[in-house]
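J.: sequence plus the predicted model coming up.
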Amino acid sequence: MIIQATEKPVTIDDIEDEMLTMEQADCPVIHRFSPGLYIRELHMKAGIFAVGHYQKTEHFNLFLKGRVLSKDASGENIELTAPMTFTAPPGRKFGYILEDVVWLNVYPTDETDVETLEDMFFTKSKSWKESKKLLDMVDRSNDNEDYEKLLIEYGFTEETTRKQSEDMEDQVPMPYGDYKFLISKSKIEGRGVFASANIREGEVVGQAKIMGKRTPIGRYTNHSSHPNAKMVGNNGDIYMVATQNIMGCRGGFPGEEITTDYRKNLKLIGVNKCLE
């Protein structure tokens, strides 16, 4: 007698759907840039099951630390033990973290905007995107109201500030280096700066102004009446520094938005309020 199985096999998408209903694990991502190269450094703690986004391209991997239990193309269990290097084909990586992991994906590119890079190299599932929408539903109306008060205090108009913000002649890219942030859609206004790895109080996030011109930090950092960072001047340049611990990525989702108080920023560069 032949019995036909009717139960649908469990897929990696099914596993991801279930995992997205759970509390997401800390997974810091550090973005490293040098000429012609982007390195995405991922840290994962032992005891979690991790599912990656679909990688669109063949890419080089540096597995620097840890052990991971995964499956090969035939479905057999395999144990990956660092250190090792290999070139992976397009597809999704997943596995159980046996020992704390440091894993690097290496991509040849001159692009430095992380959100653009993720669109270039990853396909994110519909379930993941839907979950991110729920995380984005944060009420930031107090910050928006305080920003409107600030414009009145300094005699600025929304049109003037937006024109200045979008002035490409006043902008430069981030210098090559290592960063714990990315630019992404913000509930405060437009796009904002978000932590991709945990940032400690007092830690420098990056340069906001270099030789008189704004970096992406200088352009996209949004205002908040309760900020978690501040701008600090140093030899004519301006740096953004965390004023409290800031949470990074959880489950691949961007961490906390990094914000500053525009009033203090304006004071730093010598802009005064309108006279009453």
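T.: All right, it came through fine.

J.: quick one: the helices in the stretch 1-150 of the chain?
T.: Assigned by DSSP state H, counting those that start in this stretch, the helices in the stretch 1-150 of the chain fall at 12-19, 114-121, 126-135, 141-154.

J.: actually, the stretch 151-276 of the chain.
T.: Going by DSSP H, counting those that start in this stretch, the stretch 151-276 of the chain shows helices at 158-165, 216-220, 262-268.

J.: out of these, which gets nearest to H226?
T.: Among the helices of the stretch 151-276 of the chain, the nearest to H226 by Cβ to Cβ is helix 262-268 (12.8 Å). Glycine gets a C-beta too; all of them are placed from N, C-alpha and C.

J.: what mean pLDDT does the closest one get?
T.: Model confidence over helix 262-268, given as mean pLDDT, is 91.

J.: mind listing the residues bridging to Y54?
T.: Here Y54 sits in beta bridges with T123, going by DSSP bridges.

J.: confirm for me that it is in contact with K93.
T.: No: applying Cβ atoms under 8 Å, one finds Y54 not in contact with K93, separated by 9.6 Å.

J.: these two: which has the busier surroundings?
T.: K93 (18 against 15; other Cβ atoms under 10 Å).

J.: what about M168, neighbour count?
T.: 7.

J.: excluding chain neighbours, what is closest to V101?
T.: G66 (3.5 Å; Cβ to Cβ, 6 or more residues apart in numbering).

J.: so what's the one you found up against?
T.: Going by Cβ atoms under 8 Å, 6 or more residues apart in numbering, G66 touches 44, 46, 81-82, 97-103.

J.: recalculate using a threshold of 10 Å.
T.: Neighbouring residues of G66 by Cβ atoms under 10 Å, 6 or more residues apart in numbering: 43-46, 80-83, 97-103.

J.: with those residues in mind, which one is nearest to N142?
T.: Closest to N142, out of all of the contacts of G66 and judged by Cβ to Cβ, is H43, at 33.2 Å.
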